[in-house]
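Peer 1: I need the structure of the sequence given here:
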Amino acid sequence: MTPTRSPATGPTVLDLRGRQSVRATFKLSQKAIDAIGLVAVHMGIKQKSLFDHIIEDMDAMEKLARSIRLPQFEKIPRRQKTYVMSRRTVDALSEVSRAFDMPRDALVEYAVKKLESVIQSEKRRHEERKKLAADVMAHFEKGEQLYRSVAQSLGKDDPFSRHLGKAVLAARKTAEDLQAFLNKSRVLEDF
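Peer 2: Now for the predicted structure:
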């Protein structure tokens, strides 16, 4: 029987152990490794949290385990990769692996495939962002042209010009941030 947590006593030792980070090594396809990295880096999700999300749903993992065909899995070229996971996630993975006589590597490989729809959706959004970026950058350029016109007309030290100048500087910083985000998102194009 698992000890329960009471408000007066706080978390149990088992709760704390479940959150403890451990290293786990798997043999995965390059595509799965890339998907994990892409979601973690591009979408700002820690790999540990990502594994918690995709593996700790026991019902989904059991359903996944029933659908895996080992002969097909064994044909996939794979390489070894180590990840940091919570002990609870590793335990859940091991439990499903034992219950269905399924290699943990196969469970992780196919669980990561669930991320492909998220990545494809984000890839479409990236293409749309690229199209919109040209309009956004043109808008920022108009603001800079307006500022130059106002500064020429009123002078750079005029309070109106200074306020507009601050807005243009903020807009320029935003434009740079948007461009940096688009550059970072280019990894989606090759997935």
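Peer 1: gap between residue 179 and residue 136?
Peer 2: To residue 136, residue 179 is 10 Å away according to C-beta to C-beta, to the nearest Å. Every C-beta, even on glycine, is put in place using the N, C-alpha and C of the backbone.
Peer 1: same check, this time on residue 22
Peer 2: Note on residue 22: its distance to residue 136, by C-beta to C-beta, is 44 Å.
Peer 1: Could you do residue 25 as well?
Peer 2: Computed as C-beta to C-beta, the residue 25 to residue 136 distance reads 44 Å.
Peer 1: Mind checking which of those two has more residues around it?
Peer 2: Using other C-beta atoms under 10 Å as the criterion, residue 25 and residue 136 rank with residue 136 on top: 15 against 11.
Peer 1: Find me the pLDDT at the nearest residue to that one once chain neighbours are set aside, would you?
Peer 2: Distances taken as C-beta to C-beta, 6 or more residues apart in numbering put residue 178 closest to residue 136, at 6.4 Å, once the chain neighbours are dropped. On the pLDDT scale, residue 178 is placed at 92.
Peer 1: Give me the neighbour count for residue 178.
Peer 2: Residue 178 has 16 neighbours, counted by other C-beta under 10 Å.
Peer 1: Just to check, it is in contact with residue 134?
Peer 2: No. Contact criterion C-beta atoms under 8 Å: residue 178 and residue 134 do not qualify, at 11.2 Å.
Peer 1: residue contacts, residue 38?
Peer 2: Applying C-beta atoms under 8 Å, 6 or more residues apart in numbering, we find residue 38 in contact with 119, 187-188, 191.
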